[in-house]
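Undergrad: Predicted model follows, preceded by the sequence.
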Amino acid sequence: MPPAPDPRFDLPDPGRSFAVVGLGGAGGEAVRDLVEFGIPSVRAFAVNTDFRHLRQLTLDERILLGERTLQGRGAGGNRSAVLEAAEEGREELLRRLRPFEVVFLIAGLGGGTGSALLPYLANLLKETDALPVPIVFLPFHLEIQTDSERRENVRTTLAELEGVGGLLLALSNEKLRRFERLPIARVFHVRNAYVHHLVTSLVDMVEQPSQLNVDLASLKTHLGDAGVSTLVSSEFHVSEPERLVDQALTESLLDFCVGDSPTALVHIDGGSNLTLHTMDRIVQAMRRRLGEPRRLMLGTRTHPERRDIVRLTAVVGGLRPGTLQSASGV
């Protein structure tokens, strides 16, 4: 006769609660694409001051800011008007976003609404003990060079986000020029697919148990003294672990520059054929590329079936101050 179940282990699975929030026009369209790609464990929101743009997005969760002050007509690049609208909708934002533990905030920089809302919401969410993860689209250099107001919006937003600390993912539109022969709509679809890869990699890393576990608490601890950090992720054949690291750090659409005292949280996800030797080669390649980080935390997950593809997800901290401004051309 089998033993009776131990009630101490008859516990509900608390799970994690994740949200992606598109801010302004570019952010809302990116979140729409993420939903189409599939993010089943993540709740999707769009936040805007422009009613017409918000209405055309096929998302269940939409928040219009500034209904009284802006009357749904947008902010016209006016940061002060956006912040006034955000204060007007502060309680609504808190009510809708407070339940989530990790909130990805996605916006294009320079236009006004997304630029102003990113640091505002990042600070607001930190007050609720949530982990905000800003994901920004840096404008093409031509936009910065020919529009002083846009340039100032980008400079101000990046400085404020660096002041918040924690994770900050900056995708460079300038790097999209490698796809210059593709139709423009397709190019931005490729960029949003890369955002989807980053979001799902981080969710999977902290959500799924591992042999060497990395949960949300350990991620927050790692970020605690890492300064400004970014997230990189790549997948490559198990036989070329160094190539996996090169792809993650140098071939992405992200812009960042590591400082003199970096940190790294490295998670390796492979199949039953993942060996300690391969894992060591990945870790050593990360250490060399980052210049011997002062702290390196390791997580590993293997699956029962054989897999020829290994996924690397890494949180790299200690980014050099001001490098995002330089990368964006401001």
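TA: Thanks, I have it.
Undergrad: Please go through this structure and pick out the longest strand.
TA: strand 258-270 (DSSP state E).
Undergrad: what about it, distance to the chain center?
TA: On the basis of Cα atoms, centre = their mean, to the nearest Å, strand 258-270 sits 16 Å off its chain's mean C-alpha point.
Undergrad: Given it, what are its sheet partners and their directions?
TA: Under the criterion DSSP bridges, strand 258-270 sits next to strand 295-302 (parallel), strand 309-319 (antiparallel) in its sheet.
Undergrad: domains of this protein?
TA: Listed domain ranges for the chain are 18-202, 211-323 (source: automatic domain parsing).
Undergrad: So residue 106 versus residue 182, what's the distance?
TA: Residue 106 is 21 Å from residue 182, where distance means Cβ to Cβ, to the nearest Å. For the C-beta atoms, the positions are set from N, CA and C on the backbone; glycine is no exception.
Undergrad: Pick out whichever of the two has more residues nearby.
TA: residue 106 (30 against 13; other Cβ atoms under 10 Å).
Undergrad: ok but the more buried one is inside a strand, no?
TA: Yes - under DSSP: H, G, I helix; E, B strand; the rest coil, residue 106 falls within a strand.
Undergrad: sorry, back to before: out of the strands paired with strand 258-270, which is the most enclosed?
TA: Of the strands paired with strand 258-270, the one with the most neighbours on average (mean count of other Cβ atoms under 10 Å) is strand 309-319, at a mean of 23.
Undergrad: Going along the chain, name the strands of the stretch 151-300 of the chain.
TA: 166-167, 169-172, 228-237, 258-270, 295-302 (DSSP state E, counting those that start in this stretch).
Undergrad: Just give me how far the lengthiest helix in the chain sits from the chain centre.
TA: Ranked by residue count, the top helix of the chain under DSSP state H comes out as helix 184-207. Computed by Cα atoms, centre = their mean, the chain-centroid distance of helix 184-207 equals 9 Å.
Undergrad: Could you do stretch 72-81 as well?
TA: The answer for stretch 72-81 is 25 Å, by Cα atoms, centre = their mean.
Undergrad: Please list the outside residues in contact with that stretch.
TA: 48-53, 64, 66, 69-70, 82, 85, 111-113, 115-116, 149-150, 153, 156 (Cβ atoms under 8 Å, 6 or more residues apart in numbering).
Undergrad: Can you get me the start-to-end distance on it?
TA: End-to-end distance for stretch 72-81, by Cα to Cα, to the nearest Å: 12 Å.
Undergrad: got the buried residues for that stretch?
TA: Neighbour-count burial for stretch 72-81, counted by 16 or more other Cβ atoms under 10 Å, picks out 72, 74-75, 77-79, 81.
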